[in-house]
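1. Quick one: sequence plus predicted model below, questions after.
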Amino acid sequence: MTPMWDRPILMHDIDDIKVEYHPSSGIPTKVYRFEDYGRGPGAPPAVPEADPIPWQPFRTRMDFEVAELAHDAGLSHEQLDRLIRLIHRSRIELFTLKNRKDVRDTWDAASFKMTPFTKEEVIVPFRGVDQTFLLFRRSLWDWVTDLLQDPQVGPNFVFDAQRLSKFNGEKFVRFIHEPWTAHAFWEYQSKIPSDAKPLAFILYADKAKLSSFDRAKGYPVVARCANLPIGIRNGEGLGGGRVVGWLPIVKEDKQHSGKPAFVNFKNAVWHASFLKIFDCLAPLSRLGSAIKCWDDVIRVFYPIVLILSADYEEQAVMALIRGLMGKFPCPVCLVPRDELSNTLKVFPLCTCTETKALLARARECTTLDAREQILSSQSLRDVDSSFGVLEHTDVHRALSHDKLHFNDEGLFSDHKWPELQKWVERLGRQAAVQIDSFFQSIPRWRNLNHFDQVISVSFSDGTKYEDISKLIVFAAHTVFNRDTDPEAYLLLCSEMSEKSWNFPKKHLSAHLFDDIEAKGVSRNYSTKPNEKMHGPLKDAYQDRTNFKNFAEQILRYNHDSLIAEYIRNKLDHLDSQNLSISDDLEDQPDTALQETDNSDDIDVDSTEPTDAQHFSLGSKQAAMSFTLIEAGSLGNPAFERFRIKLNDFLNRAFAANSIPFPGGRRIQLVASDMIVEYRFLKVNFESLVDWRVSTDYLRCTPMFHGSPRYDCVILQTDTGIIFGKLMLIFTCTVGDVQYPVTLVLPYDRPVGIRPRKDKDFQFWRVKRKPRASAEFFSVHSIVWGCMIVEDVSRPDEFLIVDTIDTDMFLRMQDIRSQ
């Protein structure tokens, strides 16, 4: 029987999704109802059968879990032996590990489960003398084969390019998100045999500081597979990013540092190292290779490096250009150095073919001056590129926009932010205090850094500058005046001051739209998930090495961690399968989401949100009578006549929704009746970014991280959307049914005449009602959470922070249009 979502649709409805598959796939174009799309090509794969003994080669499950604990805790050899002796004295479950050597031997035996590291020498001459360096690498092909053969990761792979479009009522409009929905994936599949599939790699490389004073550095290479969905690819599980290389770092030489020959030598070492990393891919990019996948189907794959994720300095090394001081500092196009600020003009693109030809012509010259003249005409280095061995991979096309370093740690942190700091300094201490006080007062929000001070503090983490950039307009709009501080005011409006903006990171944004069309949305090539992996490497250096020849020690620990993650993943899958079987035999009672008020904003619910589950309550408190509630809220106008107002609300809600009254009589809760308070709320909604279910984590608690936290929400009412602040979330029982209710302070008073800056900064302004005007709403009425900040220059008026994330920005655009 054909699934409902695969049946042909003759008439199109608004939001229908059309999927055009690459001709080589042999799959005809399909149109899905919007609500069915998630059950069609984007549906989660079927759950595979679990391995019944996933802990092998550990002899027992207990053996593995003890070894895993010792690994995670970083126990010393002596501590591990002591732990093993203690377990043998009081064991219940079979435990066979004898000592630390037995543990080490078993880890080594387990290492075959995933592709291990190998150590190789890289030899590059400098001034006629061969220099030898150590390179550590995993085989990229073997690593991706591990993923393709894994029964849990494999089903998530997407092998064929797709063109997606959405029906707007008149026509289908193309949209792009994952790499396989963009141009480059489609074009590459058109170049390989029709019975083959593209296997697209995302590579990242950058130096990592391992010690506090830069005395120790590492040079990890991280790989991700672009055929996997972004939730897996950018996640931390088996299908996420993996360290696949550890590049040598050339020590500076006082005699030669900074000289062109030595800089070229360092670039040559980098590319000689990458040439070895590409050894396994180079012949396969021309000939392809067959892999027997998780489903026992043999598929032929052709590899391509589709995306290179790196900061500007690393991109210059990858593209072998001369960087900031070259005549053409862009690794993507031939923009002259003095025209970097001109983002409207289009310049010729760099290509590998032209670069190779220019390098060959330069090397035909008989004098160094003539060679230099040719190379400097396009700011090239006299070094062979490692990317040239890969068929159909063009390094200039693979290099991608890096929001973290180009925008957050580049344009904002290095240019706009220092300019704003100068203007604040000119206004004096009170201006700095006002901005810092605003950042202190901002409500905590999931995935947003909270600051006590920003004006006089420097940060090394680009995500902190990203969060400052989201909030600075709301913090500084009362500090800078349009008439008296016009340049600072223009900076807040994201317009340019008289400062020179002629630098590469300003120019590189000109290529962002091309990158999106070619490789999908910017999070596909963000360096942020890769930079996050520096932390565990630094921890391994500090806690798991003797600080000598540390690369090998770090990578052994890294591989042990991968093996532990692999086995743990299989164990959890086995436990889940066994629990599912148990649930089929015996109904399990539902348990409410429990969470302590001091826990951080993390996903504490083990169940995935679904469209049917609009919200869930957590942090359950003891039941309280109305008498206790009203006695504990004396002096708080929001809780005056609490029970009476709740009775009125319930009676109106029952009547409006045609809910039968218990016993046919109006609801009359009495003082001794009880309610149950909840201080945590998860609200699930359809994201406007990718139309998937997203979740807001909301608090309504007198104590969270040492301070009260009462989040704001957007509610859908009979008269439209309103904003409000949570005052209390609870359930009350009417008849035999529990109803979730929330007390909200509405922010829907008329604002009156709006100031000019609302138009300049695109502010959405709301005004708070008096606390005595707090109202009851069904929790079902809450559609989203939101962040609202006070405008201290106008009493009781607040501003909606629409820059908190992309979904909120789009949501507010939609609300404005209505």
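-> Received the coordinates, thanks.

2. just checking, what packs against the lengthiest helix in the chain?
-> Once the chain is assigned using DSSP state H, the helix that runs over the most residues is helix 550-585. In terms of contacts (3 or more C-beta pairs under 8 Å, 6 or more residues apart in numbering; DSSP states H and E), helix 550-585 is packed against helix 61-73, helix 100-110, strand 129-137, strand 242-246, helix 534-544. Where you see a C-beta, it was placed from the backbone N, CA and C, and this is true even at glycine.

3. Can you say which of these is nearest to residue 155?
-> Taking C-beta to C-beta, strand 242-246 is the member of the helices and strands packed on helix 550-585 nearest to residue 155, at 19.0 Å.

4. helix or strand right after the longest helix of the chain?
-> Later in the chain than helix 550-585, the nearest helix or strand by DSSP states H and E is strand 615-620.

5. Let me see the mean pLDDT of that next one.
-> Averaged over strand 615-620, pLDDT sits at 93.

6. immediately after that strand, which helix or strand?
-> By DSSP H and E, the next helix or strand past strand 615-620 is strand 624-625.

7. Can you get me a residue count around the closest residue in space to residue 459 that isn't next to it in sequence?
-> Leaving aside its chain neighbours, residue 459 sits nearest to residue 465 (6.2 Å; criterion: C-beta to C-beta, 6 or more residues apart in numbering). For residue 465, the count of nearby residues is 26 (other C-beta atoms under 10 Å).

8. for the one helix or strand residue 465 maps to, packing partners?
-> Residue 465 belongs to helix 462-476 when assigned by DSSP H and E. With contacts taken as 3+ C-beta pairs under 8 Å, 6+ apart, helix 462-476 sits against helix 417-427, helix 429-441, helix 486-492, helix 528-531.

9. Look up how far residue 453 lies from the residue nearest to residue 459.
-> Using C-beta to C-beta, to the nearest Å, we find residue 465 at a distance of 14 Å from residue 453.

10. Quick check: buried residues in the longest helix of the chain?
-> Neighbour counts over helix 550-585 (16 or more other C-beta atoms under 10 Å) mark 550-551, 553-571, 573-574, 577 as buried.

11. how about JSON lines for the helices and strands packed on helix 462-476, with mean pLDDT and mean neighbour count added?
-> Compiled in JSON lines, the helices and strands packed on helix 462-476 are given as follows (pLDDT from 0 to 100; neighbours: other C-beta atoms under 10 Å):
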{"stretch": "helix 417-427", "mean pLDDT": "88", "mean neighbour count": "17"}
{"stretch": "helix 429-441", "mean pLDDT": "93", "mean neighbour count": "16"}
{"stretch": "helix 486-492", "mean pLDDT": "82", "mean neighbour count": "19"}
{"stretch": "helix 528-531", "mean pLDDT": "93", "mean neighbour count": "21"}
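
12. between these, which gets nearest to residue 130?
-> Distance to residue 130, taken as C-beta to C-beta, is lowest for helix 528-531 among the helices and strands packed on helix 462-476, at 32.2 Å.

13. Check what contacts that closest one and list those residues.
-> For helix 528-531, contacts defined as C-beta atoms under 8 Å, 6 or more residues apart in numbering pick out 204, 206, 222, 224, 234, 240-241, 309, 403-404, 462-463.

14. what do you get if the cut-off is 7 Å, keeping everything else the same?
-> 204, 222, 234, 241, 309, 404, 463 (C-beta atoms under 7 Å, 6 or more residues apart in numbering).

15. Please save the CA atoms from the helix holding residue 465 in PDB.
-> Extracted C-alpha coordinates of helix 462-476, given in PDB (Å, rounded to 0.1, in the frame of the first residue of the first chain):
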ATOM      1  CA  GLY A 462      33.500  34.900  19.700                       C
ATOM      2  CA  THR A 463      30.100  33.700  20.900                       C
ATOM      3  CA  LYS A 464      30.300  36.400  23.700                       C
ATOM      4  CA  TYR A 465      30.700  39.100  21.100                       C
ATOM      5  CA  GLU A 466      27.900  37.600  19.100                       C
ATOM      6  CA  ASP A 467      25.600  37.900  22.100                       C
ATOM      7  CA  ILE A 468      26.800  41.400  22.800                       C
ATOM      8  CA  SER A 469      26.000  42.400  19.200                       C
ATOM      9  CA  LYS A 470      22.500  41.000  19.700                       C
ATOM     10  CA  LEU A 471      21.800  43.200  22.700                       C
ATOM     11  CA  ILE A 472      23.900  46.300  22.400                       C
ATOM     12  CA  VAL A 473      21.300  48.400  20.600                       C
ATOM     13  CA  PHE A 474      18.800  47.700  23.400                       C
ATOM     14  CA  ALA A 475      21.500  48.700  25.900                       C
ATOM     15  CA  ALA A 476      22.800  51.800  24.300                       C
END
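
16. Run the chain-centre distance for it.
-> 18 Å (C-alpha atoms, centre = their mean, to the nearest Å).

17. Next: stretch 115-135.
-> The chain centroid and the centroid of stretch 115-135 are separated by 35 Å under C-alpha atoms, centre = their mean.

18. Please work out the average pLDDT along that stretch.
-> Per-region confidence: stretch 115-135 scores 96 on mean pLDDT.

19. low pLDDT regions in this structure?
-> Applying pLDDT under 70 to the chain picks out residues 1-10, 38-46, 91, 214, 408, 494-502, 581-612.

20. Determine the longest strand present in it.
-> Secondary structure of the chain per DSSP state E: the longest strand is strand 720-734.

21. for the following helix or strand past that one, which positions count as buried?
-> With elements assigned by DSSP H and E, the helix or strand that comes after strand 720-734 is strand 737-746. For strand 737-746, a neighbour-count test (16+ other C-beta under 10 Å) marks 739-746 as buried.

22. likewise stretch 28-38?
-> Across stretch 28-38, burial judged by 16+ other C-beta under 10 Å covers 30-33, 36-38.

23. In strands, which of those residues appear?
-> 30-32.

24. Residue 748 touches residue 720, doesn't it?
-> No: using C-beta atoms under 7 Å, residue 748 is not in contact with residue 720; the gap is 9.5 Å.

25. neighbour count winner among these two?
-> Neighbours per residue (other C-beta under 10 Å) separate residue 748 from residue 720, with residue 748 holding more: 19 against 10.

26. Against residue 714, how distant is that one?
-> For residue 748, the distance to residue 714 equals 11 Å [C-beta to C-beta].

27. list the residues that contact both of the two?
-> Listed as contacting both residue 748 and residue 714 by C-beta under 7 Å, 6+ apart are residue 723.

28. roughly how far apart are residue 258 and residue 317?
-> Distance, residue 258 to residue 317, using C-beta to C-beta: 16 Å.

29. more neighbours, the two?
-> Set side by side, residue 258 and residue 317 show more neighbours around residue 317, with 21 against 9, by other C-beta under 10 Å.

30. Now do the helix or strand hosting the more buried one: everything it contacts.
-> Secondary structure assignment for residue 317, by DSSP H and E: helix 312-319. Helix 312-319 is contacted by residues 205-206, 267, 270, 308, 310, 323, 331, 395-396, 399, 405-406, 504-505 when judged by C-beta under 7 Å, 6+ apart.

31. Go again with 6 Å.
-> Helix 312-319 has contacts (C-beta atoms under 6 Å, 6 or more residues apart in numbering) with 205-206, 267, 270, 308, 323, 331, 395, 399, 504.

32. same question, stretch 451-471
-> Identification of contacts with stretch 451-471 by C-beta under 6 Å, 6+ apart yields 404, 408-409, 412-413, 424, 432, 435-436, 439-440, 448-449, 803.

33. What of stretch 320-331?
-> The contact list for stretch 320-331 (C-beta under 6 Å, 6+ apart) reads 315-316, 319, 334, 337, 378-379, 381, 383, 385, 399, 504, 507.
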